[in-house]
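Chemist: Sequence and computational prediction follow.
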Number of protein chains: 2
Amino acid sequence: MAYRETEKMRKRKAEARQRIIDCTYECVTEGGFRSARITRIAGLAEVATGTIYRHFESREDLFAEVFRLATEKEITKVTEALNTPGNAAERLEAALRQFSERALRGPVMAWSLLAEPVDPKVEEERLAYRKAYADLFEKTIRHGIEEGCIPEQNARQSSTCLVGAIAESLVGPLSPTHTNQTTNKNDPLVDAIIRFCMQGLTGTRR
Amino acid sequence: MAYRETEKMRKRKAEARQRIIDCTYECVTEGGFRSARITRIAGLAEVATGTIYRHFESREDLFAEVFRLATEKEITKVTEALNTPGNAAERLEAALRQFSERALRGPVMAWSLLAEPVDPKVEEERLAYRKAYADLFEKTIRHGIEEGCIPEQNARQSSTCLVGAIAESLVGPLSPTHTNQTTNKNDPLVDAIIRFCMQGLTGTRR
């Protein structure tokens, strides 16, 4: 009996933890980390605020966890785009487009992941997140150099430039203070980002 | 008499404020914002910790002020490089080199300005700082388009890509966890950054 009680409690605890994460995720999607106040999350998850702190050492730890989950999703999408048919340059372009368009379609979450001023713990996750993209792009640039569709270069360095150029380009348009967020006007923006990036990589005018 | 007393007090207060700023600046130059603890700053500035809070509402406000001062210095340097002789493309290249080389020569401060996870208030200053660079680069790209040395493009968008590419490229090498920080090995890094950026801008292989 004692064993089954413990199992049940464990399950209940895991469910509460998941609910806290889901509700925080929801808050961030709607209004960024700034809107994810502990009292609000507790209300949505139907737990006491104290319960949140039994599952997460601090608000920052909870945020860092939500940040990780959200970025895993994005990284999966970019990985998928990098695995579509085509040569390495074409696949890279598809991935850059995928990343930019997804960000512009979900601007609040994208802004929170890319640039929202949060806590140092989230900032650390953010650096890891950018590194993950750089790793993916680097691999594809190397393929491109082998295939001959991308000229010889320092693949690591160029992949880092790509990540920086895209992220910085999106920070402005995604920002909550930016007025024009209609999706169908974003095509020229995405095209301009991709043009710069692909020219940077290949040195060929587009 | 009362008037002179007040003047004297004002002067003393202003001096204390300046000393607090200078000592914080010094701490950040040596070990980043993380090393700038209030007790340490108070010790260096020879004031009580309470005095610091009479001058600055919070640690974050003090940091934001120091951040602003440090970035003003950097922006002045880049502006100088943008005003050297040469066509717009050459001046931009000089400015990118100036920025990168200065950062690599003062890696702790540069890392603190570009990427050290600090507080939301500093993050906001950081976004403003990057926008200031984008403004400078944009103006020069426009000149370049007029002069004909840079092809027609969305100057704002490209300047943002430049800022992102450089900043992201430097974050890794400047990071305190990065092992190889010797200055004379940085030339290939700076060259690779500039190559990507200038190719991105001009679409001409270098």
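Modeler: Ah, there it is.
Chemist: So A:Arg156 is in contact with A:Glu138, correct?
Modeler: Yes: counting by C-beta atoms under 8 Å, A:Glu138 is a contact partner of A:Arg156 at 5.2 Å. Yep, even glycine has a C-beta here, placed from its N, CA and C like the rest.
Chemist: Quick check: A:Ala165 vs B:Ala165, distance?
Modeler: 5 Å (C-beta to C-beta, to the nearest Å).
Chemist: shared neighbours of these two, which are they?
Modeler: A:200, B:200 (C-beta atoms under 8 Å, 6 or more residues apart in numbering or on different chains).
Chemist: Helices along chain A, start to end?
Modeler: A:2-31, A:38-45, A:49-55, A:59-82, A:88-105, A:107-114, A:120-147, A:155-174, A:187-202 (DSSP state H).
Chemist: who wins for proximity to B:Ala70 among those helices?
Modeler: Closest of the helices of chain A to B:Ala70 is helix A:120-147, at 18.2 Å (criterion: C-beta to C-beta).
Chemist: quick one on the thing from earlier: export the helices of chain A to TSV and append columns for mean neighbour count and mean pLDDT.
Modeler: Listed next are these as TSV, based on neighbours: other C-beta atoms under 10 Å in any protein chain shown; pLDDT from 0 to 100:
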stretch	mean neighbour count	mean pLDDT
helix A:2-31	14	91
helix A:38-45	17	97
helix A:49-55	15	96
helix A:59-82	18	95
helix A:88-105	19	94
helix A:107-114	22	92
helix A:120-147	18	92
helix A:155-174	25	92
helix A:187-202	21	95
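Chemist: got these as CSV, with distance to B:Leu174 columns?
Modeler: Below are the helices of chain A laid out as CSV (distance: least, C-beta to C-beta, whole Å):
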stretch, distance to B:Leu174
helix A:2-31, 29
helix A:38-45, 34
helix A:49-55, 35
helix A:59-82, 22
helix A:88-105, 25
helix A:107-114, 20
helix A:120-147, 12
helix A:155-174, 12
helix A:187-202, 21
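Chemist: could you dump the ones you listed to a markdown table with distance to chain B?
Modeler: Below are the helices of chain A laid out as a markdown table (distance: least, C-beta to the nearest C-beta, whole Å):
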| stretch | distance to chain B |
| --- | --- |
| helix A:2-31 | 15 |
| helix A:38-45 | 16 |
| helix A:49-55 | 21 |
| helix A:59-82 | 11 |
| helix A:88-105 | 11 |
| helix A:107-114 | 10 |
| helix A:120-147 | 3 |
| helix A:155-174 | 3 |
| helix A:187-202 | 3 |
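Chemist: Let me see the domain layout of chain A.
Modeler: Using automatic domain parsing, the domain parsing of chain A gives A:1-56, A:67-202.
Chemist: what's A:Asp22 in contact with, if anything?
Modeler: Contacts of A:Asp22 by C-beta under 8 Å, 6+ apart are A:Ala45.
Chemist: Which residue, other than its chain neighbours, is closest to the residue nearest to the spatial centre of chain A?
Modeler: Among the residues of chain A, the one closest to the centroid is A:Thr71, at 3.6 Å (C-alpha atoms, centre = their mean). Using C-beta to C-beta, 6 or more residues apart in numbering or on different chains and skipping the chain neighbours, the partner closest in space to A:Thr71 is A:Tyr129 (4.4 Å).
Chemist: show me the contacts for that neighbour.
Modeler: Counting by C-beta under 8 Å, 6+ apart, A:Tyr129 has contacts A:67, A:71, A:75, A:113.
Chemist: ok, back up a step: the domains of chain A: which one's closest to B:Gly106?
Modeler: Among the domains of chain A, domain A:67-202 sits nearest to B:Gly106 (C-beta to C-beta), with 19.9 Å.
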